[in-house]
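A.B. asks: Using only what follows, build the 3D model:
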Amino acid sequence: MCIFWSLQGISSGHCRLYRDSFFNTKDTKKSTEDTKQNTTIIQFVFLVLFLVSSLLHPFNMQSSREQKIRQLAQNRQFDLTVILENVDDPHNIGAVLRSCDSVGIREIFVLYTRPGLQNHKLELGKRSSAGSRKWIDVYLYREVDACMEHVRRNYQRVYATHLAHDAKSLYELDLSQSAALMFGNEADGLSELALSQADGNFIIPQVGMAQSLNVSVACAVSLYEAFRQRNVKGLYGVGNPASTDQQAALLEDYFRRQEDVEEAWKTTK
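C.D. replies: Sure thing, here's the model as predicted:
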């Protein structure tokens, strides 16, 4: 066992002690021929253990990855999402994706309503979002009504980040309930048409001079308040209110995606 650990870089010092005591290679009374024989045995043992380690290591990695994917699906929130309107900076979108993945969101909606963005090529922040992209579905819409019709199928209330007279503090919202959080770009905010579709407005309390946050930061702050509320109520893991069928279908989809990733990786080798 000690020699096996040493191959993993854990206890090479103990391995040497074990090897020396077991084979007694430092015994000066041993003949040179016996020493050579012991050395050959040691080399053979190391070779066998190396081969065993090579066979077991991929299995352990695969098992660990499978467990992680199962936990991922179990923690996904089917009634929490984000809508981004006219946010065309790929770094912002990528950062939003990472925050969404972190709190268990499985899909987001990207809405382009400005005429200048109609032919904009969507780039989902390849560097910023890293591995998050393959685990989150992104729906791209050009029309507010079509986007909201899709959102309303799965989410009961839509909250817009907008500084209005009736806006509530983020911390007054019950985000443990089904909700979609809508964010506009930093220059113009949300369009009037998008705001007309919201069930309420909210703001993030601030005490600084600027009184504004980058959209990806505002999104992260809001999502982690939702995460806090849901976590307190035990809505992650075994307490997830999603149906068994929903979670099973999502898990199957995630396994398929992982297989696609592995296949793509093999073809690039």
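A.B. asks: What is the neighbour count of residue 198?
C.D. replies: 20 (other CB atoms under 10 Å). Heads up, the C-betas are built off the backbone N, CA and C, glycines and all.
A.B. asks: for it, helix, strand, or coil?
C.D. replies: Taking DSSP: H, G, I helix; E, B strand; the rest coil as the rule, one finds residue 198 in the coil state.
A.B. asks: can you tell me the distance between the two ends of stretch 166-176?
C.D. replies: Using CA to CA, to the nearest Å, the end-to-end distance of stretch 166-176 comes to 21 Å.
A.B. asks: Compute the mean per-residue pLDDT across the strand or helix carrying residue 47, please.
C.D. replies: For residue 47, the element it lies in under DSSP states H and E is helix 32-75. For helix 32-75, the per-residue pLDDT values average out at 74.
A.B. asks: Kindly report the same for stretch 209-216.
C.D. replies: For stretch 209-216, mean pLDDT rounds to 87.
A.B. asks: Now do the buried residues in it.
C.D. replies: Of all the residues in stretch 209-216, those buried under the rule 16 or more other CB atoms under 10 Å are 213, 215, 216.
A.B. asks: Restricted to helices, list the residues you listed.
C.D. replies: When helices are assigned by DSSP state H, the members of these inside them are 215, 216.
A.B. asks: what would the buried residues of stretch 209-216 look like in a markdown table with distance to residue 237?
C.D. replies: A markdown table is the format used below for the buried residues of stretch 209-216 (distance: CB to CB, whole Å):
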| residue | distance to residue 237 |
| --- | --- |
| 213 | 30 |
| 215 | 30 |
| 216 | 27 |
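A.B. asks: of all the buried residues of stretch 209-216, which comes closest to residue 86?
C.D. replies: Taking CB to CB as the measure, residue 215 is the one of these closest to residue 86, at 10.1 Å.
A.B. asks: which ones are touching the closest one?
C.D. replies: 84, 87, 92, 96, 183, 184, 185, 186 (CB atoms under 8 Å, 6 or more residues apart in numbering).
A.B. asks: any idea which of those residues is closest to residue 150?
C.D. replies: Using CB to CB, the contacts of residue 215 come closest to residue 150 at residue 84, 14.0 Å.
A.B. asks: what about the closest one, which SS state?
C.D. replies: strand.
A.B. asks: cool, residue 254 as well?
C.D. replies: Reducing the assignment at residue 254 to three states with three-state DSSP gives helix.
A.B. asks: Return the distance of the closest residue to it other than its chain neighbours relative to residue 253.
C.D. replies: Distances taken as CB to CB, 6 or more residues apart in numbering put residue 69 closest to residue 254, at 5.1 Å, once the chain neighbours are dropped. If you measure residue 69 against residue 253 using CB to CB, to the nearest Å, the figure is 10 Å.
A.B. asks: Please apply the same query to residue 172.
C.D. replies: Relative to residue 253, residue 172 is positioned 35 Å away (criterion: CB to CB).
A.B. asks: out of those two, which sits in the more crowded spot?
C.D. replies: More crowded of residue 172 and residue 253, by other CB under 10 Å: residue 253, with 14 against 11.
A.B. asks: Identify the residues contacting the more buried one.
C.D. replies: For residue 253, counting by CB under 8 Å, 6+ apart, there are no contacting residues.
A.B. asks: same question, the one 3 residues further on
C.D. replies: Going by CB under 8 Å, 6+ apart, residue 256 touches no other residue.
A.B. asks: Let me know the helix or strand that the most centrally placed residue in the chain is in.
C.D. replies: By CA atoms, centre = their mean, the mean C-alpha position of the chain lies nearest to residue 101, the distance being 3.9 Å. Applying DSSP H and E as the criterion places residue 101 in helix 90-103.
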